[in-house]
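Participant: I'll drop the sequence and a predicted model, then ask my questions.
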Amino acid sequence: MADYILREPIIGGVGIEITEGRYSSLLASNELIGLIFQIEEFFSLLADAFVDFETELLHLCLEYFYTDGEQRHNREFFDDARQKLNLKLVSFLASSRIYEDQVIKKVGEINRGKMCSADVNHYFSEAFDSSIEYRVMHALRNYALHQNIPMNYLSFHSSNLNQYGHKRAGKPSRLRVTIEPMVSVKDFVAAKKVRQKTRKEVSSLGVDYLNLKFLIRGFVSLLAGIHENIRQSTQVILDDAFEDLGAAHEELRKAKGSYPRFISISGRGPDSELDIDYPESLRLHKVRRKWSRLKSVQRGYVSSEIVKDDNAFPLEHASIWIPN
């Protein structure tokens, strides 16, 4: 019996003898694809937590808008809204820590295999040094863990707007509602678990609060940029790995006369067999294109307003402003 075999692991499946070098190459290619898949999953965890936070902002605005005026201005409404948003924020902060720690670990494993030389620590250090949003959000992770709930102030704003920027008597208008979650500068600066240099930097801003929407979006934008760098630095070796597994898949196709359902490789020893799901692993190409627009999140916002469309009704309204 051959020492190293590439085969289809089903009854009646074909097998091909391969060299030890080929076995090691396929093993390494499969491992690399698995590591990159894990990196993408940790980024998706981060992205999903951020979207959950943003979704809660929208939900709370709707709840505020449609709740009776007396009820929405009582203490219980704001306490409940603050708790809901803090839950999403803490989840995001935890996912950002997990992402950072695990990406450094996983890319380190790839680098140790001499498959690439991505300097992830440099990416994170550069983001920290260049952005106050990154430094403050980084500090809020420790603040939430050791000091207090991170977001302690919340307000809603409503304003009538029209094409002139504010309401005018007899002119069509619309009512805009926004939510403003804030971090108290006083509490942040007093937190001993926060880096002293960051506390001094925040104190020097001369404001009472930090806008959490600006901070978290800037933080996510930077993390998305870091992740894009990781994707670019691993693209060549990933393509090589898929080419390696694709060639094995094609070898079995030629031997069998049709494409194999599964692939496995085995070497010396009872625990040397490894199943390789090549068709399923191709999903990674699609996964790596997901969330690419998070880099631009600081500039964007989502709105449910009605906008004018020359091919749709209504084009205008007597009391509702319909912007272009």
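Facilitator: Noted; the coordinates are in hand.

Participant: Spatially nearest residue to residue 144 (excluding sequence neighbours)?
Facilitator: residue 150 (4.5 Å; CB to CB, 6 or more residues apart in numbering). Glycine gets a C-beta too; all of them are placed from N, C-alpha and C.

Participant: Please report how far that neighbour lies from residue 311.
Facilitator: 46 Å (CB to CB, to the nearest Å).

Participant: Looking at the two, which has the bigger crowd around it?
Facilitator: Between residue 150 and residue 311, counted using other CB atoms under 10 Å, the more crowded position is residue 150 (26 against 5).

Participant: Show the backbone phi and psi for that one.
Facilitator: Per-residue torsions, residue 150: phi -70, psi -40 (degrees, to the nearest 10).

Participant: Spit out the contact partners of it.
Facilitator: 86, 89-90, 93, 140, 143-144, 183 (CB atoms under 8 Å, 6 or more residues apart in numbering).

Participant: average pLDDT for the helix or strand that contains residue 90?
Facilitator: Element membership for residue 90, per DSSP states H and E: helix 75-112. Helix 75-112 shows a mean pLDDT of 94.

Participant: Which elements pack onto it?
Facilitator: helix 20-66, helix 120-130, helix 132-146, strand 153-161, helix 212-256 (3 or more CB pairs under 8 Å, 6 or more residues apart in numbering; DSSP states H and E).

Participant: switch the cut-off to 10 Å
Facilitator: If you count contacts as 3 or more CB pairs under 10 Å, 6 or more residues apart in numbering; DSSP states H and E, helix 75-112 packs onto helix 20-66, helix 69-72, helix 120-130, helix 132-146, strand 153-161, strand 174-184, helix 212-256.

Participant: what would the contacts of residue 150 look like in TSV with distance to residue 221?
Facilitator: Formatted as TSV, those follow (distance: CB to CB, whole Å):
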residue	distance to residue 221
86	22
89	17
90	20
93	16
140	16
143	21
144	21
183	18
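
Participant: which two in the residues you listed are spaced the farthest apart?
Facilitator: Farthest apart among the contacts of residue 150 by CB to CB are 90 and 183. That separation is 13.2 Å.

Participant: shared neighbours of the two, which are they?
Facilitator: Counting by CB atoms under 10 Å, 6 or more residues apart in numbering, the shared contacts of residue 90 and residue 183 are 140, 150-151.

Participant: nearest to residue 122, of the residues you listed?
Facilitator: residue 140 (23.1 Å).

Participant: quick one on the thing from earlier: of all the contacts of residue 150, which comes closest to residue 192?
Facilitator: residue 143 (10.1 Å).

Participant: phi, psi of the residue nearest to that closest one when sequence neighbours are not counted?
Facilitator: Of all residues not flanking residue 143 in the chain, residue 191 sits nearest, at 5.2 Å (CB to CB, 6+ apart). The phi/psi pair for residue 191 (degrees, to the nearest 10) reads phi -80, psi 110.

Participant: Just give me the neighbour total for residue 191.
Facilitator: So residue 191, with other CB under 10 Å, has 18 neighbours.

Participant: which residues does residue 288 contact?
Facilitator: Residues near residue 288 by CB under 10 Å, 6+ apart: 36-37, 39-40, 43, 227-228, 230-231, 234-235, 238.

Participant: typo on my end, it should be residue 151
Facilitator: Residue 151 makes contacts with 82-83, 85-86, 88-90, 140, 144, 181-184, 210, 212, 216, as judged by CB under 10 Å, 6+ apart.
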